[in-house]
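Visitor: Fold the following for me, if possible:
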Amino acid sequence: GWRINVAAAQGEGLAPYRAFAYLQLCGGRPYAECLGSAFSLSFSFKTKGAEEMGAFVKLLFWTDAGPIMGLLPPWHEKGDGRYRLVAFTSDDFPNKWASSADIMDDTWYHVRVDFADLGGTASASVFLDGSRVATG
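Guide: You can find the predicted model right below:
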């Protein structure tokens, strides 16, 4: 599996700081050649120390303009004292999102995203441990 570790010295005072990995779904081929009109992507994740952060973290995005889900810590301006997985944010801050689910540090979660093509309009549904969080 992948593990992304960021030491405080690497990210402190840098905004935004980006540590990420690209997932190449089709081995470099066009998506139309290997993905059907509907497909799913799933993964598990666990965070450590995220409840103490104040910055939003994008967890999965299709493009910079296509955020799917992220981690909103309790100390964030919009966090309301809760650590949450938020889905389909309106911007990078984020100011708004479609829906959220409370989560905790040091706990494994399983995420599934179902992608569908509804007659030329793509949609995605986010599931956390089998329960639907949002569709966007």
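
Visitor: What sits closest to L128 if chain neighbours are left out?
Guide: A101 (4.9 Å; C-beta to C-beta, 6 or more residues apart in numbering). (Glycine included, C-beta is placed from N, CA and C.)

Visitor: That neighbour: which element?
Guide: Assigned by DSSP states H and E, A101 falls within strand 97-102.

Visitor: Quick check: which helices or strands does that strand pack against?
Guide: Packed against strand 97-102 by the contact rule (3 or more C-beta pairs under 8 Å, 6 or more residues apart in numbering; DSSP states H and E) you find strand 84-89, strand 131-135.

Visitor: Single out the most deeply packed of those.
Guide: Burial of the helices and strands packed on strand 97-102 is given as mean neighbour count (mean count of other C-beta atoms under 10 Å); strand 84-89 ranks first at a mean of 23.

Visitor: partners of that strand in the sheet?
Guide: strand 67-72 (antiparallel), strand 97-102 (antiparallel) (DSSP bridges).

Visitor: mean confidence score for the last one?
Guide: Averaging pLDDT along strand 97-102 gives 98.

Visitor: For it, list the C-alpha coordinates in CSV.
Guide: Only the C-alpha atoms of strand 97-102 are listed here, as CSV (Å, rounded to 0.1, in the frame of the first residue of the first chain):
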residue,chain,number,x,y,z
TRP,A,97,-19.8,20.5,0.8
ALA,A,98,-22.6,18.1,-0.2
SER,A,99,-22.5,15.9,2.9
SER,A,100,-20.1,14.6,5.6
ALA,A,101,-19.5,11.7,8.0
ASP,A,102,-17.8,11.9,11.4
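
Visitor: Now do the helix or strand just after that strand: everything it contacts.
Guide: Following strand 97-102 in sequence order, the next helix or strand is strand 109-118 (DSSP H and E). The contact list for strand 109-118 (C-beta atoms under 8 Å, 6 or more residues apart in numbering) reads 35, 37-46, 59-60, 68-69, 85, 103, 122-130.

Visitor: ok, of those residues, which come out buried?
Guide: Using 16 or more other C-beta atoms under 10 Å as the burial test, those include F45, L59, L60, I68, M69, L85, I103, A124, S125, V126, F127, L128 as buried.

Visitor: Reformat the residues you listed as JSON lines; add distance to K96.
Guide: Listed next are the buried ones among the contacts of strand 109-118 as JSON lines, based on distance: C-beta to C-beta, whole Å:
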{"residue": "F45", "distance to K96": "23"}
{"residue": "L59", "distance to K96": "17"}
{"residue": "L60", "distance to K96": "18"}
{"residue": "I68", "distance to K96": "15"}
{"residue": "M69", "distance to K96": "14"}
{"residue": "L85", "distance to K96": "15"}
{"residue": "I103", "distance to K96": "19"}
{"residue": "A124", "distance to K96": "17"}
{"residue": "S125", "distance to K96": "19"}
{"residue": "V126", "distance to K96": "16"}
{"residue": "F127", "distance to K96": "21"}
{"residue": "L128", "distance to K96": "19"}
